[in-house]
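Chemist: Sharing a model prediction with you, sequence too.
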Amino acid sequence: MNIKSQRDFFAGVLFCAFGVAFAWGATTYTVGTGARMGPGYFPMIVGVLIAIMGVAITLKALVVETEDGEPVGKIAWRPLVFIIGANLLFGLLLGGLPSIGLPPMGLIVAIYALTFVASLAGERFNAKATAILATILAVGSYLAFVVALKLQFPVWPTFIA
């Protein structure tokens with residue numbers, strides 16, 4: 001087997017793995033049929049489509065010639081750490097952590113923290129643009145999840161609300 005694009009090959013394998021894992025995880029819910037879809041139907045279809053896309057990308061990496069084999073570069077640790085850290089911080093702030101005495105900070109604070117920490121992953125940081133983006137995301141999330149979908153979770157810190 002001759003890999004003609006290392007980058008596409010490993011990306012395709014990764015897509016396949018995530019697609020299969022996602023589809024497999026969806027089987028813990030009732031999948032149903034096309035006529036009567038269960039809660040696991042959509043995640044199952046998305047997982048299968050991701051896996052199919054992964055197979056297509058992997059096959060392309062084996063067939064289509066590239067100039068230098070498109071080697072896999074070094075891992076970009078800074079974006080990886082900041083993006084994953086931003087998501088963990090979002091969950092921590094949204095729900096709080098009673099074991100250390102951190103009360104739920106709510107949706108708005110969590111979104112601002114997520115946006116500012118994730119923006120540190122890039123090469124340049126622009127505080128004004130990040131604040132504008134955080135405000136748009138916070139307002140949009142409030143309208144979508146609290147007003148339109150009527151989901152019940154803290155919007156503001158518990159000591160304010």
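Modeler: Good, I have the coordinates.

Chemist: Just the element for the most centrally placed residue in the chain, please.
Modeler: The centroid of the chain falls nearest to Asn87 when counting by CA atoms, centre = their mean (8.4 Å). Assigned by DSSP states H and E, Asn87 belongs to helix 77-95.

Chemist: Determine the set of other helices and strands touching that helix.
Modeler: helix 106-119 (3 or more CB pairs under 8 Å, 6 or more residues apart in numbering; DSSP states H and E). All C-beta atoms are positioned from the backbone trio N, CA, C, and that covers glycine.

Chemist: and the closest residue in space to Ala23 that isn't next to it in sequence, helix, strand or coil?
Modeler: In this structure, Ala23 finds its nearest non-sequential neighbour in Gly47, 3.0 Å apart by CB to CB, 6 or more residues apart in numbering. At Gly47, secondary structure determined by DSSP: H, G, I helix; E, B strand; the rest coil is helix.

Chemist: For Gly47, give me its contacts.
Modeler: By CB atoms under 8 Å, 6 or more residues apart in numbering, the contact set of Gly47 is 18-26.

Chemist: from those, which ones fall inside helices?
Modeler: Among those, the residues falling in helices (DSSP state H) are 18-26.

Chemist: Could you give the number of residues near the residue lying closest to the residue nearest to the centre of the chain once chain neighbours are set aside?
Modeler: Excluding the flanking residues, the one nearest Asn87 by CB to CB, 6+ apart is Leu114, at 7.0 Å. Neighbour count of Leu114, defined by other CB atoms under 10 Å: 23.
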